[in-house]
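> Build the 3D model from these lines:
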Amino acid sequence: MRIRVKLYPEEHDELVLPLHYNHAVQGFVYSNLDAGLARWVHDEGHAYFRRNFKMFTFARLGGRYRIHQGRISFLEGVTIRIAAVDADLLASIAEHLLKRPQVRLGNEVCRVDEVAVEPKPEVGQEDRLVVRAASPITVYSTLTTIRGSRKTYYYSPYEDEWSQGIISNLARKAKSLCWQTDPERDLEGSYLKPLRVTTRDMSVVNYKGNIIKGWLGIYELRLPEPYFWLAYDAGLGAKNAQGFGMFDVLRPRQVMEEPEVCSHNAN
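Model (predicted):
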């Protein structure tokens, strides 16, 4: 399930945020949840061994903008799109926003102009879909160097480990939800492979001082239907609750008309 929120600044003509705004948007999500639910999602979530899946994600902010001196200014308000597996999470956000005359996004005081449920895409029985990353998709491994230090390696969509990591991550999400099935068997033959992805689609995000690399672009996605909806609601790849892995389904005509996109979070 997904919702779309439209905000306008109350105190200024433009809504000004840090260029790397993922933490501000994540804070917006948590601050507009019931306190108990926010604590559970943040501290516990859906656990699988050492993993803690929050099961929500969000897209890059939408709206006309300009970038100046390391900040991004939205000129006509901003749109936040949030997806979640748990409908109660989105319902809590919507309820809070509709009751509050003012909310905060980062340091900006905003008024809520719209809260709407997004319609689901019509995917029918198709198991191969063309999708566009609505926020960067990230896949990584933590490696130990010969000196004993730890290093994070981020994969590109053109490395075999990219698709493998996507599918393995999705299997762990299904297990964290206690699905009574065998995800490894179910996901045999599944993949996410690049269709229109260039170096311009690499996005480098500074999240609370940590550098995270992800990729935008257009991909072919093959998943069994239940796993497609899990990915659609929870996000593809890692670090979803930090604003990574949300995607949209494209129809064939949209693929032909889709312009190349350069991320405003990219360095």
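
> close enough to count as contact, Val117 and Met1?
Yes - applying C-beta atoms under 8 Å as the test, Val117 and Met1 come out as touching, 7.1 Å apart. The way it works is simple: take the backbone N, C-alpha and C, and place the C-beta from them, glycine included.

> Comparing the two, which shows the higher neighbour count?
Met1 (19 against 13; other C-beta atoms under 10 Å).

> can you pull the pLDDT of that one?
pLDDT recorded at Met1 is 95.

> In this structure it contacts Asp233, no?
Yes - contact criterion C-beta under 8 Å: Met1 and Asp233 qualify, at 6.2 Å.

> shared neighbours, these two?
83-85 (C-beta atoms under 8 Å, 6 or more residues apart in numbering).

> tell me the domain ranges of this protein?
Split into domains by automatic domain parsing, the chain comes to 2-117, 128-257.

> how far out from the middle of the chain is the first one?
Spelled out, it's domain 2-117. How far domain 2-117 lies from its chain's middle: 12 Å, per C-alpha atoms, centre = their mean, to the nearest Å.

> Next, the distance between the ends of that domain.
The separation between the terminal residues of domain 2-117, taken as C-alpha to C-alpha, to the nearest Å, is 6 Å.

> I'd like the mean pLDDT over stretch 90-108, please.
Computed over stretch 90-108, the average pLDDT equals 93.

> list the buried ones in that stretch?
90-94, 96-97, 103, 105, 108 (16 or more other C-beta atoms under 10 Å).

> CA atoms only: put it into PDB for me.
Taking Å, rounded to 0.1, in the frame of the first residue of the first chain, the C-alpha atoms of stretch 90-108 are listed here in PDB:
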ATOM      1  CA  LEU A  90       0.200   4.300   6.600                       C
ATOM      2  CA  ALA A  91      -3.200   4.700   8.300                       C
ATOM      3  CA  SER A  92      -1.400   6.100  11.400                       C
ATOM      4  CA  ILE A  93       0.500   8.600   9.300                       C
ATOM      5  CA  ALA A  94      -2.600   9.700   7.400                       C
ATOM      6  CA  GLU A  95      -4.600  10.100  10.600                       C
ATOM      7  CA  HIS A  96      -1.900  12.200  12.200                       C
ATOM      8  CA  LEU A  97      -1.400  14.400   9.200                       C
ATOM      9  CA  LEU A  98      -5.200  15.000   8.800                       C
ATOM     10  CA  LYS A  99      -5.500  16.100  12.500                       C
ATOM     11  CA  ARG A 100      -2.500  18.400  12.600                       C
ATOM     12  CA  PRO A 101      -2.700  21.900  11.100                       C
ATOM     13  CA  GLN A 102       1.100  22.100  10.900                       C
ATOM     14  CA  VAL A 103       3.800  19.500  10.500                       C
ATOM     15  CA  ARG A 104       7.600  19.600  10.200                       C
ATOM     16  CA  LEU A 105       9.800  18.400   7.400                       C
ATOM     17  CA  GLY A 106      13.400  18.900   8.600                       C
ATOM     18  CA  ASN A 107      13.400  22.400   9.900                       C
ATOM     19  CA  GLU A 108      10.500  23.600   7.800                       C
END
